[in-house]
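> Take this sequence and fold it.
(one chain, ligands or ions: 2)
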Amino acid sequence: MAGEIPVVRFSSHNVQSGGRKWGSTREKVREALEEYGCFVALCDSVSMEASSVKMMEAMKEVFEVPLERKVQNVSQKPFHGYFGQNPLMPIHESMGIEDPLLPSNIQSFSNLMWPSRPNPLFCGNLKSYAELVSQLEQTVKKMVFESYGLKSLFLSHTQSTKYLLRMIKYRVPHRNEMNLGAFPHTDKSFLTILHQNSVNGLHIKTRDNRWVEYQPPSAQSSARSFIVMAGDAFFAWSNGRIYSAPHRVTMSGNRERYSVGLFSFNDGIVQIPKELVDDKHPQQFKAFDHQDYLRFYSTEKGQSSPSAIKAYCGVANGLLDSRTCIPMH
Ligand SMILES: O=C(O)CCC(=O)C(=O)O
Ligand SMILES: [Fe+2]
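Residues are numbered from 1 along each chain as shown. Ligands and ions are numbered 1, 2, ... in the order given. As a prediction, the model looks like this:
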């Protein structure tokens, strides 16, 4: 346990499909996501540890860039570009890179930040981090699909996955300033993989409405600990089995916090597998367009709904009605 959050070890034995511990790790992963909506992946891989250390250094460097350049990180999609200088959350600053597995996207971001000099070290560090963590993301999804007996659906699902890499800095609040770094929310992603420097502050709400603080299993394991968290799309896809946990960030102490999230989304329509619908589990969600769900979430209706995903594509009372899911723009 890390605090109360389950810890799952990822070593070469557990992550190789068909490897010695694949089956037992797969069940632990699915159970943790159903029960807590998240777990801590403790990775034995030396390259993961080295890459996450370099990722933290890269983030420190990029947030030092002058504000007028950081704000040029813009996106058509809501919540994908620069966010900061917000009076409701003054200690929070974040930037995003869409499709970070495309080297040209990291390069374009780097060109915006450092227009007068290339920064190959930064680009290389981000590229290897995104590659390694996206592999972890795929392994986790594969485990859950398999655990539900839906192995055959994994390939087409994963082929339509898109990623967003989001870097976040939480500065130490000034005296008399709010210490809120991120409002309570559920992620709109399918899956999110978070990594932080050694400064805690992430709180996760359990199914029985208690806030628990994430702590790495030990101080030494901080650089190889990743928080794997299910988003609303995973919750809907699983017909409500997987929990999408509300979480928030608050700062205490006098050290800055850095975190980085790799968020996965689907391009196109997410179908609810018919195998996950039965008498005991009546259909709770209609098939939905994941990218359009992001747009819906940015509307007033999306923002004010107690559960945006239910408002977007939920089925009232477990009965499938004949209306199609019409997004509100
Ligand atoms: O900084 C963190 O640990 C959490 C960030 C988060 O929840 C988010 O970006 O969605
Ligand atoms: Fe989040």
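
> Now do the SS call for residue 104.
Following DSSP: H, G, I helix; E, B strand; the rest coil, residue 104 is assigned to helix.

> so what's it up against?
Shown in contact with residue 104 (Cβ atoms under 8 Å, 6 or more residues apart in numbering): no residues. Where you see a C-beta, it was placed from the backbone N, CA and C, and this is true even at glycine.

> do the same with residue 9
Neighbours of residue 9 in contact, by Cβ under 8 Å, 6+ apart: 25, 42, 44.

> And for residue 92?
83, 84, 86, 168, 169, 170, 181, 182, 249.

> Recalculate using a threshold of 6 Å.
Applying Cβ atoms under 6 Å, 6 or more residues apart in numbering to residue 92 gives the contacts 170, 181.

> And the one 4 residues further on, by the same measure?
Contact criterion Cβ under 6 Å, 6+ apart gives 80, 81, 164, 166 as the residues in contact with residue 96.

> which residue packs closest to the residue of the stretch 1-150 of the chain found nearest ligand 1, ignoring adjacent ones?
Using Cβ to the nearest ligand atom, residue 94 is the residue of the stretch 1-150 of the chain that sits closest to ligand 1, at 6.9 Å. Nearest in space to residue 94, with sequence neighbours left out and distances taken as Cβ to Cβ, 6 or more residues apart in numbering, is residue 168 at 4.2 Å.

> Just put the contacts of residue 9 in CSV and tack on neighbour count and pLDDT.
Formatted as CSV, the contacts of residue 9 follow (neighbours: other Cβ atoms under 10 Å; pLDDT from 0 to 100):
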residue, neighbour count, pLDDT
25, 22, 95
42, 18, 96
44, 14, 91
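
> Now render those residues as TSV, adding secondary structure.
Below are these laid out as TSV (three-state DSSP):
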residue	secondary structure
25	helix
42	strand
44	coil
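
> quick check, nearest of the residues you listed to residue 237?
Nearest to residue 237 out of the contacts of residue 9 is residue 25 (Cβ to Cβ; 20.8 Å).

> so the residue of the stretch 1-150 of the chain closest to ligand 1 sits in a strand?
Yes: counting by three-state DSSP, residue 94 falls inside a strand.

> Any idea what it is bridged to?
residue 83, residue 168 (DSSP bridges).

> Wait, it touches residue 165, no?
No: between residue 94 and residue 165 there is no contact under Cβ atoms under 6 Å: 10.8 Å.

> For the residue of the stretch 201-329 of the chain found nearest ligand 1, what are phi and psi?
Closest to ligand 1 within the stretch 201-329 of the chain is residue 259: 3.4 Å, counting by Cβ to the nearest ligand atom. For residue 259, the backbone dihedrals (degrees, to the nearest 10) come out as phi -140, psi 160.

> Find the residue closest to it in space, skipping its chain neighbours.
residue 196 (4.2 Å).

> how far away is that neighbour from residue 99?
As judged by Cβ to Cβ, to the nearest Å, residue 196 and residue 99 stand 23 Å apart.

> Which one's more surrounded, these two?
residue 196 (24 against 13; other Cβ atoms under 10 Å).

> Do I have it right that that one meets residue 260?
No: using Cβ under 6 Å, residue 196 is not in contact with residue 260; the gap is 7.9 Å.
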